[in-house]
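Student: Provided below are the primary sequence and the corresponding predicted coordinates.
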Amino acid sequence: MQNKDEGMENNAGLLRYRRGILIVSSFLVTFLAITHLSAEMRSLKGPSTSVAGIAVAKPDGVIEILPPDTTLRDALIKWGVDIDSVDVSPELLDEKLPSGASVAILSVDGRKKIEVSPLPARKLFILGLPFNINRATAEDLALVPGIGEKSAGWIVEYRDEHGPFSCTDDLTKVVGIGRYKAGLIGGYVVFGGGG
């Protein structure tokens, strides 16, 4: 009889143990689900605007955050580039660098030349910076959460047929893009010339 009582106690203990594991697992799964959903909701608001400066790709490809009013001259001096050894106009030297710019030093006919161009949309997206919708490819647009390959393709087709977008409302003219989806896209892009 004593062995039977011990067996029942062991079974009851095992049941309590399993029930405890289930409860802890349920709490853990719930916590992870809530954490994931809140991260997803934050990502739908578009890129963060909390960067206290401008993101610029140096000639070596490394991206650096510079103060907002940094000119090309300031950046080149900071990076140790001898300005007298490069072919660059004084007007370009004194222009403020935009966030998301890429600065390259090219060798043309034996002379170093400075080229400032926008970073590719994919890099801007990774940095949490908006990219130009009028220069973006369908692959770039498909990066935006909530926008699939089909919608991205429709946006590019519409832009090619009707010209560049000038605001978020223009996106609602694209078949399959309503106000909500246009708002999502608007948080990740800027509107400018299509050149």
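Tutor: Yep, that arrived.
Student: tell me, how many residues neighbour Ile34?
Tutor: 10 (other C-beta atoms under 10 Å). No exception for glycine: its C-beta is placed from N, CA and C like everyone else's.
Student: now Glu95: how far from Val174?
Tutor: With distances taken as C-beta to C-beta, to the nearest Å, Glu95 is found 34 Å from Val174.
Student: cool, Ala104 as well?
Tutor: Taking C-beta to C-beta, one finds Ala104 at 34 Å from Val174.
Student: just the element for the spatially most central residue of the chain, please.
Tutor: Compute the mean C-alpha point of the chain, and by C-alpha atoms, centre = their mean the closest residue is Phe125, 2.4 Å away. Counting by DSSP states H and E, the element that carries Phe125 is helix 121-127.
Student: and the helices in the protein?
Tutor: Along the chain, counting by DSSP state H, helices occupy 2-43, 72-78, 90-93, 121-127, 138-141, 149-162, 168-171, 179-186.
Student: could I get these as CSV with mean pLDDT?
Tutor: Output for the helices of the chain, formatted as CSV (pLDDT from 0 to 100):
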stretch, mean pLDDT
helix 2-43, 68
helix 72-78, 91
helix 90-93, 89
helix 121-127, 85
helix 138-141, 93
helix 149-162, 94
helix 168-171, 92
helix 179-186, 89
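Student: would CSV of those with distance to Gly61 be doable?
Tutor: Output for those, formatted as CSV (distance: least, C-beta to C-beta, whole Å):
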stretch, distance to Gly61
helix 2-43, 26
helix 72-78, 14
helix 90-93, 21
helix 121-127, 10
helix 138-141, 19
helix 149-162, 27
helix 168-171, 32
helix 179-186, 28
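Student: still on that earlier bit, list the residues that contact the residue nearest to the centre of the chain.
Tutor: Pro47, Phe131, Asp140, Leu143, Val144, Tyr188 (C-beta atoms under 8 Å, 6 or more residues apart in numbering).
Student: can you count the residues close to the second one?
Tutor: Around Phe131 there are 25 other residues, counting by other C-beta under 10 Å.
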